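Student: what's the 3D shape of this:
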Amino acid sequence: MFKIGEFSKLTQVSVRMLRYYDETGLLKPAEINKYTGYRMYSIEQIETLNKILFLRDTGFSVAETYHALSNWDNDFIKTQLKIKEEKIKDVINSEKHRLAKIRTAMNDINKKQIGIHYNVMVKEIPSYRVFSLRKIIPNYFCEGYLWKEIYDYIKIKKLNISESNNTFAIYHDKEYKDKDVDVEVCIITEEKDVNKDGFIFRETESLEKVACSMVYGPYENISSVYISFVHWLEENNQYKMSGTSRQVCHKGSWNEEDPNKYLTEIQIPVELKTNTLMD
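Tutor: From the prediction side, this is the model:
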């Protein structure tokens, strides 16, 4: 079972939306802790949540989503998707994105595609001396602006920091958020200078146990890793999440032209549960 914040981070759905789905009856918590009042979610609810997100993204209303969830089978969903497809053909170009999602979903149903599972390994991450910039940005897609800002600063100040230095990003929010996300971009370096205007030289904390997984291909593949991590936690239930997650881009747009060859490492700190330590 996962607390609402943990479930939010692993499924990349904000706590606000999970509460909304609770209020509308689309996805009630598996249970509510009678002592703390915490909403608790189970691994089995991920499939239902994915269906809700898919239907939401293809233009289904709350009432339509509720009806679809109550009558879910491939033939019914394909029929409903066909209806939506015909409607979308008659609207303006801004609806083309939804149309593409419906076509992709219909193809996936016909092909009976199976989700990808990623290998997870636990390792120790040492402390690094870094040059960093931490800000609240509108959403995760704006992270690139932080990298541009920090590299522009390096050039202006003529710091001895190369673009070939290893880098990573730290996501400081305790839950997944749709907007106003707390992100820190870090460049590993031995360079030292005065901290100014949010640009900071510091040492990151060492992490004793970090669950790590490699993602190959476009950044859109990253969300699948978090779902695989949910399954990994279920199978390795001696661990629980701990601390802020990191993302290391070993290959990206700056050193690889083909997005299918990108290589990203997801790092999620974990620790042994108390009852496991006592056994």
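Student: Pass me the low-pLDDT residue ranges in this protein, would you?
Tutor: Applying pLDDT under 70 to the chain picks out residues 90-101, 104-105, 107-118, 275-279.
Student: residue boundaries of the helices in it?
Tutor: 4-11, 15-24, 45-57, 62-70, 74-88, 96-111, 143-157, 222-235, 274-278 (DSSP state H).
Student: Show me what the fourth one is packed up against.
Tutor: With contacts defined as 3 or more C-beta pairs under 8 Å, 6 or more residues apart in numbering; DSSP states H and E, helix 62-70 has these neighbours: helix 45-57, helix 74-88. The way it works is simple: take the backbone N, C-alpha and C, and place the C-beta from them, glycine included.
Student: Could you report the neighbour count for the closest residue to residue 172 other than its chain neighbours?
Tutor: Nearest-residue entry for residue 172: residue 182, 4.1 Å, with adjacent residues in sequence omitted and distances by C-beta to C-beta, 6 or more residues apart in numbering. Neighbour count for residue 182, taken as other C-beta atoms under 10 Å: 15.
Student: for the one 3 residues further on, same thing?
Tutor: The tally of other residues near residue 185 (other C-beta under 10 Å) stands at 24.
Student: Surely the residue nearest to residue 172 touches residue 175?
Tutor: No: using C-beta atoms under 8 Å, residue 182 makes no contact with residue 175, being 10.8 Å away.
Student: how close does the residue lying closest to residue 207 once chain neighbours are set aside get to residue 19?
Tutor: Once flanking residues are discounted, residue 207 sits nearest to residue 125: 4.2 Å by C-beta to C-beta, 6+ apart. The gap separating residue 125 from residue 19 is 33 Å, by C-beta to C-beta, to the nearest Å.
Student: Next: residue 86.
Tutor: Distance from residue 86 to residue 19, by C-beta to C-beta: 34 Å.
Student: Ok, residue 208 next?
Tutor: Taken as C-beta to C-beta, the span from residue 208 to residue 19 is 33 Å.
Student: buried sites along stretch 133-143?
Tutor: Using 16 or more other C-beta atoms under 10 Å as the test for burial, stretch 133-143 gives 133, 134, 137, 140, 143.
Student: what's it in contact with?
Tutor: 145-146, 149-150, 153, 169-170, 172, 178-185, 198-200 (C-beta atoms under 8 Å, 6 or more residues apart in numbering).
Student: end to end, how far does that stretch reach?
Tutor: Terminal residues of stretch 133-143 lie 11 Å apart, using C-alpha to C-alpha, to the nearest Å.
Student: Neighbours of the closest residue to residue 214 other than its chain neighbours, how many?
Tutor: Nearest residue to residue 214, sequence neighbours excluded (C-beta to C-beta, 6+ apart): residue 265, at 5.5 Å. Using other C-beta under 10 Å, residue 265 is surrounded by 15 other residues.
Student: so how far is residue 237 from residue 204?
Tutor: 28 Å.
Student: Between these two, tell me which one has more neighbours.
Tutor: Using other C-beta under 10 Å, the more surrounded residue of residue 204 and residue 237 is residue 204, with 18 against 10.
Student: Contact partners for that one?
Tutor: 127, 128, 130, 170, 186.
Student: Just put those residues in a markdown table and tack on distance to residue 243.
Tutor: Converted to a markdown table, these look like this (distance: C-beta to C-beta, whole Å):
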| residue | distance to residue 243 |
| --- | --- |
| 127 | 13 |
| 128 | 15 |
| 130 | 16 |
| 170 | 10 |
| 186 | 15 |
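Student: okay, those in TSV with neighbour count next?
Tutor: Formatted as TSV, those follow (neighbours: other C-beta atoms under 10 Å):
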residue	neighbour count
127	10
128	17
130	22
170	19
186	24
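Student: how far does stretch 150-157 sit from the chain's center?
Tutor: 29 Å (C-alpha atoms, centre = their mean, to the nearest Å).
Student: is the residue nearest to residue 150 when sequence neighbours are not counted in a bridge, and if so with what?
Tutor: In this structure, residue 150 finds its nearest non-sequential neighbour in residue 133, 4.5 Å apart by C-beta to C-beta, 6+ apart. On the basis of DSSP bridges, residue 133 is bridged to residue 185, residue 199.
Student: Out of the contacts of stretch 133-143, which end up buried?
Tutor: 146, 150, 153, 169, 170, 181, 183, 184, 185, 199, 200.
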